[in-house]
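**Student:** no sequence for this one, just the structure:
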């Protein structure tokens, strides 16, 4: 199996939008290991509604009611997240896995999101967003990934652009820029498909170095289907 783990430099960074774009670009499967809160409309629901080319949308590993850190959400329901239970769903396709919050979000008293990433062994796509302090948060995220020897496929900047910040991060880290996702005036399938075409081109050299899934279709996006 081949794919990417989408994580962010914090909460509300735009991981789900970026995940949707990746799913569309690769005609990929999608998996959200842990969903906390928003059970009336989950991240998996968003992927289903705003992508055309998605394949299998796998069931979440854990689903909790409260929109809080996974360890607390589990505790409030008298449960505990067992990282050994969170195994990649079986698939012959590319898989996009979306994390919860940032890298050091706790799953329980022992494990963090970054430990789950280490276990799943997918390269990371890091989503950054421009705000005061985002350089610090982005560089800290990259540093901890490197300390854990987790490969970073590249960076995605989401939202309002800040060329100075973005240029500094890219020059300092020497990581590939995969995309700059603008703010959508109104979220739509068309927006996701449009961004997916750019993302797919950026991913091509990275995909060349990843194991090839047993795909039955190519990665050409059918623009007439939306």
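**Tutor:** Yep, that arrived. Bear in mind the structure is a predicted one, so any value in this text is a computation, not a measurement.

**Student:** correct me, but residue 162 touches residue 130?
**Tutor:** Yes: counting by CB atoms under 8 Å, residue 162 does reach residue 130; the two are 3.9 Å apart. (Each C-beta comes from the backbone N, C-alpha and C, glycine too.)

**Student:** residues of the longest helix along the chain that come out buried?
**Tutor:** Assignment by DSSP state H gives helix 189-207 as the longest helix of the chain. Using 16 or more other CB atoms under 10 Å as the test for burial, helix 189-207 gives 191-196, 199-200, 202-203, 206-207.

**Student:** format those as TSV; extra columns: distance to residue 134.
**Tutor:** Conversion of those to TSV gives the following (distance: CB to CB, whole Å):
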residue	distance to residue 134
191	23
192	24
193	27
194	25
195	20
196	24
199	21
200	26
202	21
203	23
206	24
207	28
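
**Student:** could these go into CSV alongside pLDDT and distance to residue 106?
**Tutor:** CSV is the format used below for the buried residues of helix 189-207 (pLDDT from 0 to 100; distance: CB to CB, whole Å):
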residue, pLDDT, distance to residue 106
191, 96, 33
192, 97, 31
193, 96, 36
194, 95, 36
195, 96, 32
196, 97, 32
199, 95, 30
200, 94, 34
202, 94, 32
203, 95, 31
206, 93, 30
207, 91, 32
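
**Student:** before we move on, the earlier item: what lies in contact with the longest helix of the chain?
**Tutor:** Contacts with helix 189-207, where a contact means CB atoms under 8 Å, 6 or more residues apart in numbering, come from 2, 17, 20-22, 24-26, 50-53, 123, 153-154, 156, 176-179, 181, 184, 219, 221, 223, 226.
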